[in-house]
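*Asks:* Task: produce atomic coordinates for the following.
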Amino acid sequence: MRRRRAGVAVVVGLCGIAIVAGAKIGWVGARGTRPASGISGTSITGLLTWSYHGTASFVSSFALVVVVAGVLVFLGGLLASRLLAGLFAFVALAAAGLWIGLNASHYNRVDLPASDLRAGALLTVAGGLIALISSAFLRRRRASG
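*Replies:* Take a look at the predicted model:
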């Protein structure tokens, strides 16, 4: 593995860690009727009907999807796998976008300015975006022989 490829793999791995960390902390601040919240209290099944459902179970929350995606991005960096890192960075970004959209539509579209996004959302989105871009720079391995 060349130095450049190793450097990109480290960046992708760190992005995976950022995505996982982002899933564990707050995503939006309180404003009006919207409480401060994170993705661990929102049920993933609400996407089927595009309605906001709370959950006490981590296993059925958006956070599980983001944590699994972050772990797989980290593994993609560790293995220098362009496909694994890129695919699950996209999954993390999609989950973040869907949760932000679901939260905004449930409470009030104009009541969610970008300044209300907290560290959890920023870590997840930035980690996913940087990992997605960086995964393109993970070189393919040369064929032996």
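*Asks:* where along this protein do the helices fall?
*Replies:* Along the chain, counting by DSSP state H, helices occupy 3-24, 62-78, 82-107, 119-135.
*Asks:* any idea how far the closest residue to Leu75 other than its chain neighbours is from Arg118?
*Replies:* Using Cβ to Cβ, 6 or more residues apart in numbering and skipping the chain neighbours, the partner closest in space to Leu75 is Leu84 (6.3 Å). For glycine as for every other residue, the C-beta is placed from the backbone atoms N, C-alpha and C. According to Cβ to Cβ, to the nearest Å, Leu84 and Arg118 sit 28 Å apart.
*Asks:* Comparing these two, which shows the higher neighbour count?
*Replies:* Leu84 (20 against 17; other Cβ atoms under 10 Å).
*Asks:* I figured Trp99 hits Ala23, correct?
*Replies:* No. The pair Trp99 / Ala23 is not scored as a contact, 10.2 Å apart, by Cβ atoms under 8 Å.
*Asks:* if I look at the two, which residues touch both of them?
*Replies:* Ile39 (Cβ atoms under 8 Å, 6 or more residues apart in numbering).
*Asks:* check contacts around the spatially most central residue of the chain.
*Replies:* Per Cα atoms, centre = their mean, the C-alpha nearest to the average position across the chain is that of Ala92, at 3.2 Å. Ala92 is in contact with Ile19, Val66, Ala69, Gly70, Val73, Thr124, Gly127, Gly128, Ala131, counting by Cβ under 8 Å, 6+ apart.
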